[in-house]
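Visitor: Quick one: sequence plus predicted model below, questions after.
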Amino acid sequence: MADSHGSYLQEPRGLRSWLVTLDHKRIGLLYFWSTLAAFVLGGVFAMLIRLELLTPKGTMMTADLYNKIFTLHGAIMIFLFIIPSIPAAFGNFVLPLMLGAKDVAFPRLNLASYYIYVAGTIIMLVAMVTGGIDTGWTFYTPYSSTTGGSVSLMVFGVFVLGFSSIFTGINFIATIHKLRAPGMDWFRMPLFAWGIYATAIIQVMATPVLGITLVLLFMERVFQIGVFDARLGGDPVLFQHFFWFYSHPAVYIMILPGMAIISEVIPVFSRKTIFGYKAIAYSSLAIALVSFLVWGHHMFISGQSQLASAVFSFLTFLVAIPSGVKIWNWLATMYRGSISLDAPMIYAVMFLALFAIGGLTGLFLGALTTDVHLTDTYFVVAHFHYVMMGGTFIAYLAGVHYWWPKMFGRMYSERLARVAGALVFIGFNLTFLSQFVMGSRGMPRRYHSYVQEFQPLHVLSTVGSWILALGLFLILGYLLASLRKRPNAPANPWGSATLEWETSSPPPVHNFDYTPVASHGPYDYDREQVTA
Amino acid sequence: MSDSTTTAHNPYLQHHYAEMEQQVDAGKIGMWLFLATEVLLFGGLFVGFAIMSAKHHEAFKLAHEHLDRSLGALNTVVLLLSSFTMVMAVDSARHNRQKALVWYLVATLTLAGVFLGVKYFEYSHKFHLGLLPGKYYAGGGEDAVGQAMFFSFYFMMTGLHGFHILGGIVVIAWLIRRSIRGVFTSAYNAPVDLAGLYWHLVDMIWIYLFPLLYLIG
């Protein structure tokens, strides 16, 4: 225990050994720090947006600059943070350990995916400083095909990032199929692996469609091929269909890994076998499947046929079923469990509350009549922040706190973690609950000035964002501070039953000193052998 | 460290696999998934083509008359032949016929080159007539907007396909180099196998492109 000599962090030594590493744990860390940097950058843009909205008239920036800032906030958070963060950082680090494997199926492809991510990021950053982009992260035509700025370059960057996502997905599917430890059949896999599997299917099946859509948009700008331009015989709504055919499944690329983390954390800190293992496993696949059939709910006011809208609306309600199945199973797992509120569990419980709000408000937007009223208002903004930040990002924090000892061999300050958790929860709700209210009263999204009446709520929202930022910086602070301590994490600080906790913290280069065998289920807390 | 496998140690077995069969299976899963992404990538263009050709039916019909059916048919035959030589290459590798493997790969490479050569003639002819995509279209005729769109799709679809042929050429050239050194045997031939899968998909896509663009329009 606790001696990090010979761990993957120590050996081999030198910067070069990190840059050309094929070790899934190191690639996971490279992704972890890179996506974190992207989050900080995207967060800075978010703070600028909130600061500008403190007053009804544009004070700090012009409308044009504001458009660029919110576009960059969205594009960075989506393409550089949320999509790669949990799968590529934790998936890479944890998945092979959980399965008892020595590495992912294709280590070189894994490293390639990281460098493709870096290349895509650099292209996006160049696009940002050479002209910027003001289309919103959705790149809707015909505006995106006619406006100035670096749209082409930005689109190219996102296209490149797609390959990174596809390679990660291919790697995880092959890993789960072929590299499970002896004794680990499909239903002995930790639910994290099921969630990552469902995510990987979407990454592989949806991303190419975004790729070709962006190629068409790029061609539209260079050659004026006209496919998305009504003046040239094309159809701008077709772009929306193509775009959401990827981007709706993509929101499940974002939420499924979050749910996967919650499925790990809740049984560990409830000291109880997960309730409804198969229901949770299959509901991940159900979400992945249905996610391909609901893209039209982003387009209720686009002029698509009434029949299509009605069908899409109905299918959208279907998504609520597997999501609800998960929520109830998590609650049933906690019921009569012996719950300990360590930092990961605090975030898991926070997730349940915030994601429930995010999910239920999704039903308002999936219903045709209310959606027509709420489209393009702050209600939509609040809804997806509750799902993406209150859901995925809070789950990400649960994962960070849960696996931090495994990744770095250090325990962080539990007391500061509670303070930060409270700040994040209060700050988040102040920021976005007020936006639900504004949205339902008609505050449109993407405006840098607004009518006087909304100011009190905007001030509330901005102050909330400061509290939220304070909480997040506190987390960053105590986590980084823990790295300066001597290694002090035991192999299994939480008393978990999954395989990644059987090896030392941090793990040795080859993960396990022996070939691990899955002799019991991942959440067998009814067995007495599992001790802290 | 714990390589306590019962099979004889194959130098191409990577450290994180217990045995060769597991490694080969993983490779196949990876390749099939990659092919699925390719189908979806082209799928977007096929859907776009279908929608726009329904919208500009007459113009697409007029425009497709400009394509040379016999050259398209020739290229179809060339690619089908190359798929045959590729299968034979895979079979030769499996049965340890090293020399035959090299020659079948060279034949496949040659046929791929012929395909691109024919495509070059077709493209330069179109350039000459001004049958170019989007705003560069100068072919005139009725409903020039629709015809321009047809050629946009023609160049994007055959161009993207051409890039895949080029990628295949690079891979096959690499395989030839390795097979001359006698790397591929009945015990280790996964790269030939996987390249074969890729090559058949590229061939298949052309089999859809040819009737769609040249025959139906």
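Guide: Great, that's in hand.
Visitor: what about B:Glu122, helix or strand, and which?
Guide: For B:Glu122, the host element (DSSP states H and E) is helix B:98-129.
Visitor: Hmm, A:Arg47 is touching A:Ile467, no?
Guide: No Arg there; residue A:47 is Met. No. In this structure, A:Met47 is not within contact of A:Ile467 by Cβ atoms under 8 Å, at 11.9 Å. (Each C-beta comes from the backbone N, C-alpha and C, glycine too.)
Visitor: and the two? which has more neighbours close in?
Guide: Shown here are A:Met47 and A:Ile467; by other Cβ atoms under 10 Å in any protein chain shown, A:Ile467 has more neighbours (19 against 15).
Visitor: what comes up buried for the helix holding B:Glu122?
Guide: Buried residues in helix B:98-129, counting neighbours by 16 or more other Cβ atoms under 10 Å in any protein chain shown, are found at B:98, B:100-109, B:111-112, B:114-116, B:118-119, B:122-123, B:126.
Visitor: packing partners for it?
Guide: helix B:69-94, helix B:144-180, helix B:190-209 (3 or more Cβ pairs under 8 Å, 6 or more residues apart in numbering or on different chains; DSSP states H and E).
Visitor: Three-state assignment for A:Tyr412, please.
Guide: At A:Tyr412 the chain is in coil, as set by DSSP: H, G, I helix; E, B strand; the rest coil.
Visitor: Just give me the neighbour total for it.
Guide: Neighbour tally, A:Tyr412, other Cβ under 10 Å: 24.
Visitor: Do you know the pLDDT at it?
Guide: For A:Tyr412, the pLDDT comes out at 96.
Visitor: Now it: phi and psi?
Guide: For A:Tyr412, the backbone dihedrals (degrees, to the nearest 10) come out as phi -100, psi 170.
Visitor: Do I have it right that A:Pro516 meets A:Trp501?
Guide: No. Counting by Cβ under 8 Å, A:Pro516 stays clear of A:Trp501, with 10.9 Å between them.
Visitor: Please name every helix or strand in contact with the helix-or-strand element of chain B with minimal mean pLDDT.
Guide: Least confident element among the helices and strands of chain B, by mean pLDDT, DSSP states H and E: helix B:57-64 (a mean of 93). Applying 3+ Cβ pairs under 8 Å, 6+ apart, one finds that helix B:57-64 contacts helix B:144-180.
Visitor: Tell me what angle the helix it packs on forms with helix B:190-209.
Guide: Helix B:144-180 and helix B:190-209 are oriented at 160 degrees to each other (axes from the mean of the first three to the mean of the last three Cα atoms, to 10 degrees).
Visitor: could you check the angle helix B:69-94 makes with helix B:144-180?
Guide: 20 degrees.
Visitor: For helix B:144-180, which residues meet the burial criterion?
Guide: Neighbour-count burial for helix B:144-180 [16+ other Cβ under 10 Å]: B:144, B:146-158, B:160-162, B:164-165, B:168-169, B:171-172, B:175-176, B:178-179.
Visitor: next one: phi and psi at the residue in the stretch 401-532 of chain A that chain B sits nearest to?
Guide: For the stretch 401-532 of chain A, the residue closest to chain B is A:Thr515, as judged by Cβ to the nearest Cβ, at 5.2 Å. Note on A:Thr515: backbone dihedrals following degrees, to the nearest 10 are phi -80, psi 110.
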